[in-house]
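1. quick one: sequence and predicted model below, then my questions.
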Amino acid sequence: MSKEVKLNLGGVTNWYDHFVASDIELISAYIEQCEISNGAAIKDYHNLKTVDIEVIDDFQANITTSFRAVDGGLFNAQDIYENYFPMLNRHSTLVIVMSMFEKRLTQLCDWANTHYQLNKPFKRYNRSLLQSIKTYLVETVGLKFNESLNNNWDLLLALQSIRNNIIHNFGTYKSNNKYIDSYINLNKNLGLNDDNEFIFNHEFLKDLVPSFNELCRELQESIRSTKRHK
């Protein structure tokens, strides 16, 4: 007599292994492409810029450097392509990466509700989405957050707060936030310019990838060790 064996290869207890690990690989590739784009734009600027010289007299001349649609008479084209363009590109990349993470973490809550038959669907409360997700995972699902997981989650909260400033304040840090302040103090790849805009160097985004992996592996381990595990 044959015995049917049910395999749960893609269930919530394998959330990281079967779903998120590949997502983070795509995130890493997307971040790399962002920096390739930044480098290509800077290279093109130096190779293809136009320089106009207006002679005023024997001792003076106006030199205007332009590139593509940037009028060198109105803007500093070199500063735009070496500094401002990479800043915008990295800001946009962080916004997309955080949206991907929020989607996966919200999905994790939905899967946990189904897997453990909780009949308590995830709802966002009067707080940030990530704080609501953590509350649901801890209080409803019963996951344990150790010190490392808490620290990595605080990193995610800092990134979410930076993302919100990028979206709502045009990349400018408007009001004090304990997660952002702590993160800026600890991270040499992140800072603020004279206009209080967030500046990421070329290492900032790619250095996030190991932390993303660690956070999600820790979440999976917490899922597997919970008393609700079936």
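-> Good, I have the coordinates. The structure displayed is predicted, hence computed values, not measured ones.

2. burial count for L74?
-> Other residues near L74 come to 9 when the count uses other C-beta atoms under 10 Å. The C-beta positions use only the backbone N, C-alpha and C, and glycine is treated the same way.

3. mind listing what the residue nearest in space to the middle of the chain touches?
-> In the chain, the residue lying closest to the centroid (C-alpha atoms, centre = their mean) is L94, at 3.5 Å. Applying C-beta atoms under 8 Å, 6 or more residues apart in numbering to L94 gives the contacts 159, 162-163, 166, 200, 205.

4. quick check, it in a strand?
-> No - using DSSP: H, G, I helix; E, B strand; the rest coil, the assignment for L94 is helix, not a strand.

5. against Y173, how distant is it?
-> Distance of L94 to Y173, given as C-beta to C-beta, to the nearest Å: 14 Å.

6. then S148?
-> Taking C-beta to C-beta, one finds S148 at 27 Å from Y173.

7. looking at the two, which is more packed in?
-> Y173 (19 against 11).

8. so that one sits against F198, correct?
-> Yes - with contact defined as C-beta atoms under 8 Å, Y173 reaches F198; the gap is 6.3 Å.

9. anything in contact with each of these two?
-> Joint contacts of Y173 and F198 (C-beta under 8 Å, 6+ apart) are 165, 192.

10. and the residue nearest to the centre of the chain, what pLDDT?
-> L94 carries a pLDDT score of 97 in this model.

11. ditto for the one 10 residues further on
-> Among the per-residue scores, R104 shows a pLDDT of 92.

12. that one: neighbour count?
-> Neighbours of R104 (other C-beta under 10 Å): 16.

13. ok, it - contacts?
-> 19-20, 23.

14. which one of those is nearest M87?
-> D23 (25.4 Å; C-beta to C-beta).

15. quick check, G39 in a helix?
-> Yes - per three-state DSSP, G39 lies within a helix segment.

16. OK, contacts around V95?
-> Taking C-beta under 8 Å, 6+ apart, one finds 163, 166-167 in contact with V95.

17. only whichever of these are buried, select them in ChimeraX.
-> Applying 16 or more other C-beta atoms under 10 Å to the contacts of V95, the buried members can be selected in ChimeraX as follows:
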select :163,166
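
18. include distance to L143 and secondary structure when you put the contacts of V95 into JSON lines, please.
-> Below are the contacts of V95 laid out as JSON lines (distance: C-beta to C-beta, whole Å; DSSP: H, G, I helix; E, B strand; the rest coil):
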{"residue": "R163", "distance to L143": "24", "secondary structure": "helix"}
{"residue": "I166", "distance to L143": "29", "secondary structure": "helix"}
{"residue": "I167", "distance to L143": "29", "secondary structure": "helix"}
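
19. between the contacts of V95, which sits nearest R68?
-> I166 (24.0 Å).

20. pretty sure that closest one sits against H91.
-> Yes - between I166 and H91 there is a contact under C-beta under 8 Å: 4.7 Å.

21. list residues touching both of these two?
-> By C-beta under 8 Å, 6+ apart, the residues touching both I166 and H91 are F198.

22. and the helices in the chain?
-> With DSSP state H as the criterion, the chain has helices at 15, 21-48, 77-79, 85-115, 129-135, 147-168, 178-186, 208-225.

23. winner for burial among the ones you listed?
-> Counting by mean count of other C-beta atoms under 10 Å, helix 15 has the highest mean neighbour count of the helices of the chain, with a mean of 24.
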